[in-house]
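J.: below is the structure, and that's it, no one-letter string:
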């Protein structure tokens with residue numbers, strides 16, 4: 001049986017990378033591959049500069065079969081030559097690395113293990129929802145005045161927002177728990193609008209997150225910050241507070257428009273599954 005392992009910098013189950021890690025393991029196991037720490041086939045989740053050592057891999061071994069998935073903060077990477085296979089997640093990221101290295105790396109777009117679920121659920125029914133950790137979120141800062149002016153039902157899901165680093169008024173909208181991954185489709189169906197943001201380097205380079213694709217795959221109506229890759233997904237973005245206000249007031253009470261947009265984007269990401277990604281990645285195993 002062919003063995004593999006994954007090097008990831010996630011430090012707890014509350015990191016979004018943890019779910020990608022678990023989902024990919026599940027799909028690779030279905031294909032008949034065995035997870036084994038420090039094995040020859042090594043998949044690296046790159047979201048920060050390359051570390052000297054990873055928990056389940058140890059030090060970088062040039063003789064191993066090193067495969068990299070370029071998640072975020074791609075502008076901070078070095079030593080790309082250590083990888084036998086290096087995947088990028090968008091055309092913008094591909095262009096960035098071509099300018100840097102002269103190589104056109106293969107695109108493996110962000111993938112999801114979710115599908116739609118149209119069950120009604122009061123826990124997630126609201127006008128606007130947001131899922132994220134407690135670093136200052138510009139999209140939350142921008143939407144708070146809109147929520148308060150229009151007296152909207154806003155729900156925030158994430159770990160320990162009592163320590164949110166931005167506007168303290170956001171804390172009162174926190175629902176007190178991390179949303180289970182399996183419940184994201186319930187939130188996507190029951191929230192009229194779901195907001196999603198990205199690290200600024202991802203916006204500039206043009207690369208949406210796995211969370212963005214998870215939301216589309218699970219049937220959410222999404223408004224994103226100004227990410228240059230959102231156009232690949234026919235995405236709705238905002239560039240300033242005034243535009244965010246206009247988008248929310250336009251779509252909040254127009255269910256027909258929301259359903260049309262949700263259907264269109266859900267169709268675009270149908271093929272971007274974790275199963276498909278596992279098949280693509282495993283073709284590099286030795």
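T.: Cool, got the structure. Everything numeric in this text was worked out from a predicted model, so none of it was measured.
J.: and stretch 197-217, what's buried?
T.: The neighbour-count criterion (16 or more other CB atoms under 10 Å) identifies 197-199, 202-203, 205-217 as the buried residues of stretch 197-217. From N, CA and C alone the C-beta is placed, and that goes for glycine too.
J.: can you tell me how far residue 156 is from residue 285?
T.: To residue 285, residue 156 is 40 Å away according to CB to CB, to the nearest Å.
J.: what about residue 183, which SS state?
T.: helix (DSSP: H, G, I helix; E, B strand; the rest coil).
J.: what sits against it?
T.: Shown in contact with residue 183 (CB atoms under 8 Å, 6 or more residues apart in numbering): 123, 124.
J.: separation between it and residue 216?
T.: For residue 183 relative to residue 216 (CB to CB), the value is 16 Å.
J.: likewise for residue 155?
T.: Taking CB to CB, one finds residue 155 at 19 Å from residue 216.
J.: just the buried residues of stretch 197-217: which are in helices?
T.: Within those, residues falling in helices by DSSP state H are 202, 203, 205, 210, 211, 212, 213, 214, 215, 216, 217.
J.: can you redo those residues as a markdown table with distance to residue 168 and pLDDT?
T.: Shown next, in a markdown table, are these (distance: CB to CB, whole Å; pLDDT from 0 to 100):
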| residue | distance to residue 168 | pLDDT |
| --- | --- | --- |
| 202 | 27 | 94 |
| 203 | 25 | 95 |
| 205 | 32 | 94 |
| 210 | 29 | 96 |
| 211 | 24 | 97 |
| 212 | 27 | 98 |
| 213 | 31 | 98 |
| 214 | 28 | 98 |
| 215 | 26 | 98 |
| 216 | 31 | 98 |
| 217 | 33 | 98 |
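J.: now the helices for this protein?
T.: Along the chain, counting by DSSP H, helices occupy 16-30, 91-101, 138-150, 184-190, 200-205, 210-217, 241-251, 255-268, 274-282.
J.: of those, which is nearest residue 169?
T.: Of all those, helix 138-150 sits nearest to residue 169, with 5.9 Å by CB to CB.
J.: show me what that closest one is packed up against.
T.: If contacts are counted by 3 or more CB pairs under 8 Å, 6 or more residues apart in numbering; DSSP states H and E, helix 138-150 sits against strand 126-131, strand 154-157, strand 191-196, helix 241-251.
J.: quick one: which of the ones you listed is nearest residue 112?
T.: strand 191-196 (13.0 Å).
J.: and for the closest one, what are the contacting residues?
T.: 124-131, 139-140, 143, 155, 187-188, 209, 211-212, 215, 220-225, 248, 251-252, 258.
J.: quick revisit: could you single out the most deeply buried of the helices of the chain?
T.: When those are scored by mean count of other CB atoms under 10 Å, the highest mean neighbour count falls to helix 210-217 (a mean of 26).
J.: alright, calling it a day.
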